[in-house]
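Novice: The following comprises the amino acid sequence and a computationally predicted model.
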Amino acid sequence: MDNYFTIFGLSQSFDIDTKKLAEYYRNLQRTVHPDKFVNAPERERRLAMQKAVQINEAFQTLKNPLKRGLYMLQLHGMDINDSSVMDAEFLMLQMELHEQLNSIKQQSNPVDSLNSFLNQVQHEQHQLNILLSEQFSKKSYQLAYENIQKLQFFTKLYEEALKLEENLL
């Protein structure tokens, strides 16, 4: 299987121009789209379908900073399923943020409180992305792994907050 970065002719980097990635994706999909192989022999149709699936999977992985970071760690031999113990400070922060999210419904203005919370979480995600960019460029994979775990937490927390938003509206 091809490395996802090489599929799109990109250097292996956490920093990706997502507009350029999307452009490469559309061009590649046009060349291997299964509709182009309707009259081709079975083997060619199957190969085109497999290639289209691989391109789609690579695109979905590389366009998302969390998935891209996890993929890069895998490429460098890191066990991304190893749930290392996080530092106590971050565990406390997780508990505080969950309590804060759970208390939003009881706020006098829950929509404003939720918007503030969402902004706070987005800010944390942005800061982690900056940190991850530096760590991957310096090949500090263990530090990147620790921050990817934090990014996973903030991503899930953001999704939980969006679900709460649906219930409030």
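Specialist: Yes, it's here.
Novice: Could you report the distance from the residue nearest to the spatial centre of the chain to Leu118?
Specialist: When CA atoms, centre = their mean is applied to the chain, the residue found nearest the centroid is Leu66 (2.8 Å). Remark: distance between Leu66 and Leu118 (CB to CB, to the nearest Å) = 17 Å. Backbone N, C-alpha and C define where each C-beta goes, glycine included.
Novice: Now Trp98: closest residue in space, sequence neighbours ignored.
Specialist: Careful, residue 98 is His and not Trp. Excluding its sequence neighbours, the residue lying closest to His98 (CB to CB, 6 or more residues apart in numbering) is Leu157, at 7.5 Å.
Novice: Could you verify my assumption that the one you found touches Val121?
Specialist: Yes - if you go by CB atoms under 8 Å, Leu157 and Val121 touch, sitting 5.6 Å apart.
Novice: Return every residue with contacts to both of these two.
Specialist: Jointly contacting Leu157 and Val121 under the rule CB atoms under 8 Å, 6 or more residues apart in numbering are Leu97.
Novice: Could you list the domains of this protein?
Specialist: 4-63, 88-168 (automatic domain parsing).
Novice: just for the protein, where's the confidence low?
Specialist: Scanning the chain for pLDDT under 70 picks out 1, 83-85.
Novice: Going along the chain, name the helices of it.
Specialist: 4-7, 18-32, 42-63, 65-75, 88-103, 110-137, 141-168 (DSSP state H).
Novice: Packing partners of the third one?
Specialist: The one in question is helix 42-63. helix 4-7, helix 18-32, helix 65-75 (3 or more CB pairs under 8 Å, 6 or more residues apart in numbering; DSSP states H and E).
Novice: who wins for proximity to Tyr141 among those helices?
Specialist: helix 65-75 (6.2 Å; CB to CB).
Novice: by contact count, what packs against that closest one?
Specialist: With contacts taken as 3+ CB pairs under 8 Å, 6+ apart, helix 65-75 sits against helix 42-63, helix 110-137, helix 141-168.
Novice: Tell me what angle that helix forms with helix 18-32.
Specialist: On the basis of axes from the mean of the first three to the mean of the last three CA atoms, to 10 degrees, helix 65-75 is oriented at 70 degrees to helix 18-32.
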